[in-house]
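Q: fold the following.
(2 chains, ligands or ions: 2)
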Amino acid sequence: MIKVEDLYKVYESKKKNVKEKIEAVNNISFQCKPGEIFGLLGPNGAGKTTTLRCISTLIKPTWGNIYLDEYNVLEDEKIIRSKIGFLTTDMKLDGFFTPDYMLSYFGRLNKMQKSEIEQRKEKLFNDLQMEDFIDKKIDKLSSGMTQKTAIAISLIHDPEVIIFDEPTNGLDVITAKNVTDFLEKYAEQGKTVIISTHIMSIAEKLCDRIGILIEGELKKMGSLEEIISGSNADNLEDVFYKFLIPDYGSQEGVEDV
Amino acid sequence: MFKDSLVILQKELKRIFTDRRMLVMLVIVPMVMLPVMYSIMAKVSKTRSADIAEYTSQIYIHTGTQSSSEIIDKFTEGLQELNAKITRVPKSQIENIKQLVKEKEVQLLIVFPDNISENLQQYDPFDIRVYYNSISDYSEHAYSSVKEKFNEISKNVVQDRIVKENLPDNILTPFTINRTVKPSEVNLAEKGSMIGKVMGILLPFFILIYLFANSMKVGLDTVAGEKERGTLAILLVNQVDRLAIVIGKMFSVIIAAFVGAASSVVGLIIASRFFISMFGASSTDVGSYAMHSQTILQFAIVVLPLALLLVSLVMLVSTYAKNPKEGQGMIMPVYIVVMIMGISTMQIGDVPPQWMRIAPVFNSLIALKGVFMQNETWANVLQALLVNLVVSGILIYIILKMFRDEKILFKI
Ligand SMILES: Nc1ncnc2c1ncn2[C@@H]1O[C@H](COP(=O)(O)OP(=O)(O)O)[C@@H](O)[C@H]1O
Ligand SMILES: [Mg+2]
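A: Residues are numbered from 1 along each chain as shown, chains lettered A, B, ... in the order given. Ligands and ions are numbered 1, 2, ... in the order given. Model prediction:
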């Protein structure tokens, strides 16, 4: 179970020699149970990537705590790293190697035994239908095949938690469907899945629970039904735009008349 | 932890050494660069000098008022022995011909003063004007041939005068230098040390260049490239220690750098065929230049920490930069400074200033020169080792700090 408590993250950046503080994530808390898919839904710059990177131990929270079961990201980095898989779509694998080689490589870095790696590879190749291209250079693969390879790499050590930043970004519809189907299957196996997206239909269809993240703040959280009924709205889109565009509802009303 | 470094090193090496394009850049280019350069240089200078020697110069002469006399005939006969077309011109044409020399249409204009026969008889020196054009190789060549010929004539005239005055022949030769011994008896340089000197000047420079160039080619991509592609994150969420990542990647770059340096050494040995003559060494010198085991040992002790230092520099930039392009921009000034260091140590004499022994990079270059000339002291070799290890250590410490700094690893 992933528990995020009062996560707060500021970036300090220098613009024209003036120090600037960006509050990327502002006191957010949420949980994700095994078997569940949690989605952070928000526009660009909302703080989704920042949140997922904090959970993945890639960056440190300014304040707040993040737990995986009883382990804390600040104190038990190594253990947490062994239990999570992190993945993002804006990543370009080195085209020089084959999927087979990359999986073995990351398997070894995850301290897996040779036989263990072979077993795991076979399962992943089978689950993701990769058998046809495991020995081709990544250069020569289609975007869908490359995406499958990236997923397989981040799951080589069979992590309890998978964290996926914008899982369908830049993918064609069929690949996107493959990816979301796979995530559903993975959650069904009792894994914890946390994703981020700016696409409402993905949040709607894929996620058991959704957190609407805007300007670093969690505006709403719950299941799709809870969010819609709690906001006096017809659908997720309405809820989302209400937060983004101040007089969204009234404008629509005017047009209707 | 070292197991992880090894896994990473293995992967990086596979990346570097099974990629044909990469291999060409890292191995073939440093190897063929020097031989190609020197063979072209040798060929160009050879054909150029052959061309100049074969060229028939246009030489115009004005012989003053006298059209024919014993001495004028001597001069014209002398000129006829040159590969030249001789044309006599009257005084009125002199200015025209000068213009033609200026325009490189004519190579030389020789103007004799009037009455040289009388001057000659009265032992009264006269001055011959030879107009030439130093910008034209042909004119320059004709000028020096003519001077040589005329000096010969001058000597003959003096000879005749000595005979006429009944003076002894030797009056002209008060002494000679090294005429009665073999060159090897007076040139006391040890056999092979001439080629050692050539190696000592050229090799440290090329080793430096290729250590650096290959580090850049591989090193900038290994961290900054992974940052740009976003793949560094997958490495970082693994249970691999940051130190293991740095060590693994660094060693792969060191190996690539070494391969470049070694290739350039091989290239220089191949190229030596072409340049030994340029430096006055003979091919037997090359053959007899044996690398003693001490030379090889000292060489390794100097080059290893130098490679470590340069690779650390490149890795520092690679870790700091957002992408290889930014890294390239940052490392270029460093590369140029290092090149200048290399060039400046090529030109210093046998005794370098003391501060160069302490300054990183400089110390290795000077020590390498001494190693190739086989006269370097162990104290100097060890000093270079120590200084460069300390500086590399500091750089690696900074790299590690940066590897733990999210501001640097996830810069936007
Ligand atoms: N490394 C960084 N340094 C400075 N500012 C950052 C950095 N990463 C993200 N930001 C800023 O933090 C905010 C949230 O960014 P991010 O988490 O990437 O949002 P999202 O993934 O939802 O688009 C943005 O304003 C972004 O400009
Ligand atoms: Mg993002």
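Q: now residue 171: closest residue in space, sequence neighbours ignored.
A: If you meant another chain, say so; for now it's chain A. A:Gln147 (6.0 Å; CB to CB, 6 or more residues apart in numbering or on different chains). For the C-beta atoms, the positions are set from N, CA and C on the backbone; glycine is no exception.
Q: that's the wrong chain, I wanted chain B
A: Closest residue to B:Ile171 apart from its sequence neighbours, by CB to CB, 6+ apart: B:Ile162 at 6.3 Å.
Q: ok, the one you found - contacts?
A: Counting by CB atoms under 8 Å, 6 or more residues apart in numbering or on different chains, B:Ile162 touches B:Pro168, B:Asp169, B:Ile171, B:Leu172.
Q: pretty sure it is in a helix, no?
A: Yes. When classified by DSSP: H, G, I helix; E, B strand; the rest coil, B:Ile162 is found to be part of a helix.
Q: next one: it from chain A, what distance?
A: Note on B:Ile162: its distance to chain A, by CB to the nearest CB, to the nearest Å, is 83 Å.
Q: and the gap between that residue and A:Met112?
A: In this view, B:Ile162 and A:Met112 are 100 Å apart by CB to CB, to the nearest Å.
Q: for B:Phe212, same thing?
A: In terms of CB to CB, B:Phe212 sits 38 Å off from A:Met112.
Q: swap in A:His157?
A: As judged by CB to CB, A:His157 and A:Met112 stand 6 Å apart.
Q: count the residues that sit near B:Met254.
A: One correction, residue B:254 is Ile, not Met. 23 (other CB atoms under 10 Å in any protein chain shown).
Q: now the host helix or strand of it: average pLDDT?
A: Taking DSSP states H and E as the criterion, B:Ile254 maps to helix B:242-275. For helix B:242-275, the mean pLDDT works out to 87.
Q: likewise stretch A:31-44?
A: pLDDT averaged over stretch A:31-44 gives 96.
Q: tell me the SS of the residue nearest to A:Cys54 when sequence neighbours are not counted?
A: Spatial nearest neighbour of A:Cys54, excluding adjacent residues (CB to CB, 6+ apart): A:Pro61 at 5.0 Å. Recorded secondary structure, A:Pro61: coil (three-state DSSP).
Q: wait, B:Thr222 touches B:Ile254, no?
A: No. Checked against CB atoms under 8 Å, the pair B:Thr222 and B:Ile254 is beyond contact range at 11.4 Å.
Q: neighbour count winner among B:Phe212 and A:Met112?
A: Shown here are B:Phe212 and A:Met112; by other CB under 10 Å, B:Phe212 has more neighbours (27 against 18).
Q: a helix runs through the more buried one, doesn't it?
A: Yes. Counting by three-state DSSP, B:Phe212 is found in a helix.
Q: separation between it and ligand 1?
A: Distance, B:Phe212 to ligand 1, using CB to the nearest ligand atom, to the nearest Å: 31 Å.
Q: before we move on, what about A:Ile2?
A: 17 Å.
Q: next one, pLDDT for that residue please.
A: Listed pLDDT for A:Ile2 reads 96.
Q: excluding sequence neighbours, find me the nearest residue to it.
A: A:Cys32 (4.6 Å).
Q: mind checking which helix or strand residue 6 is in?
A: Picked chain A for this. A:Asp6 belongs to strand A:2-15 when assigned by DSSP H and E.
Q: can you look at chain B instead?
A: With DSSP H and E as the test, B:Leu6 turns up in helix B:2-17.
Q: quick one: name whatever helix or strand follows that helix.
A: Using DSSP H and E, the helix or strand that follows helix B:2-17 in sequence is helix B:20-23.
Q: show me where chain A has strands.
A: A:2-15, A:18-32, A:37-41, A:63-68, A:71-72, A:84-88, A:161-165, A:192-197, A:209-214, A:217-222 (DSSP state E).
Q: as JSON lines, these with mean neighbour count would be great.
A: Below are those laid out as JSON lines (neighbours: other CB atoms under 10 Å in any protein chain shown):
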{"stretch": "strand A:2-15", "mean neighbour count": "16"}
{"stretch": "strand A:18-32", "mean neighbour count": "16"}
{"stretch": "strand A:37-41", "mean neighbour count": "26"}
{"stretch": "strand A:63-68", "mean neighbour count": "18"}
{"stretch": "strand A:71-72", "mean neighbour count": "16"}
{"stretch": "strand A:84-88", "mean neighbour count": "24"}
{"stretch": "strand A:161-165", "mean neighbour count": "24"}
{"stretch": "strand A:192-197", "mean neighbour count": "25"}
{"stretch": "strand A:209-214", "mean neighbour count": "24"}
{"stretch": "strand A:217-222", "mean neighbour count": "18"}
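Q: which one, of those, ends up nearest to B:Leu203?
A: Across the strands of chain A, B:Leu203 has its closest neighbour in strand A:2-15 (44.8 Å, CB to CB).
Q: got the angle for the closest one vs strand A:37-41?
A: Compare the direction of strand A:2-15 with that of strand A:37-41 by axes from the mean of the first three to the mean of the last three CA atoms, to 10 degrees and you get 30 degrees.
Q: many thanks, I have nothing further to ask.
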